[in-house]
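1. model the structure of this input:
(one chain, ligands or ions: 2)
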Amino acid sequence: MNIEHMNLLARGIGYKSYAAYLRSDHWREMQAKWKQAHCFCCHTNSRLDLHHTTYDHFGNEWATDLVTLCRPCHDKVHALIARTGLLEGAHFTVKRQRATRMGKRRKKRAKRKRKQKS
Ligand SMILES: [Zn+2]
Ligand SMILES: [Zn+2]
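-> Ligands and ions are numbered 1, 2, ... in the order given. Below you'll find the model as predicted:
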């Protein structure tokens, strides 16, 4: 899913480009309606975007097509999509990677603590 493809999709439903779509009243409405207060991956409440998990209903999105992501997590999700071509489930993968990394860090810290005690 690259920008040319996105522009094509947007033109298919009557917008000049994907950027024009993102500036549309429809998309503004979608954001007002579906954007959550926290990022799906890391739960921050700053710099939130609404991300498409699928473009199957592009232009008439369902609630389940959209997920709220902060800018850094959104970038990670799109990097993953660019690398793997995976769109549906990409946000879950990033969340899982994040959880695994945090888990490892926690384990390391726990190990250090144990060492200090002995
Ligand atoms: Zn985030
Ligand atoms: Zn996105």
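2. quick one: the strands in the protein?
-> Taking DSSP state E as the criterion, the chain contains strands spanning 48-52, 66-70.
3. closest to ligand 1 out of those?
-> strand 66-70 (3.4 Å; C-beta to the ion). (C-beta placed from N, C-alpha, C; glycine too.)
4. which strands and helices sit next to the closest one?
-> helix 25-34, strand 48-52 (3 or more C-beta pairs under 8 Å, 6 or more residues apart in numbering; DSSP states H and E).
5. doesn't residue 65 make contact with residue 53?
-> Yes: between residue 53 and residue 65 there is a contact under C-beta atoms under 8 Å: 5.8 Å.
6. give me the low-pLDDT residue ranges for the chain?
-> Along the chain, the model assigns pLDDT under 70 to residues 1, 116-118.
7. try it again with 80
-> Under the criterion pLDDT under 80, the flagged ranges of the chain are 1-2, 111-118.
8. what does it put close to ligand 1?
-> Within reach of ligand 1 by C-beta under 5 Å from the ion, the chain has these residues: 39, 41, 42, 70, 73.
9. what sits against residue 103?
-> With contact set as C-beta atoms under 8 Å, 6 or more residues apart in numbering, residue 103 has no partners.
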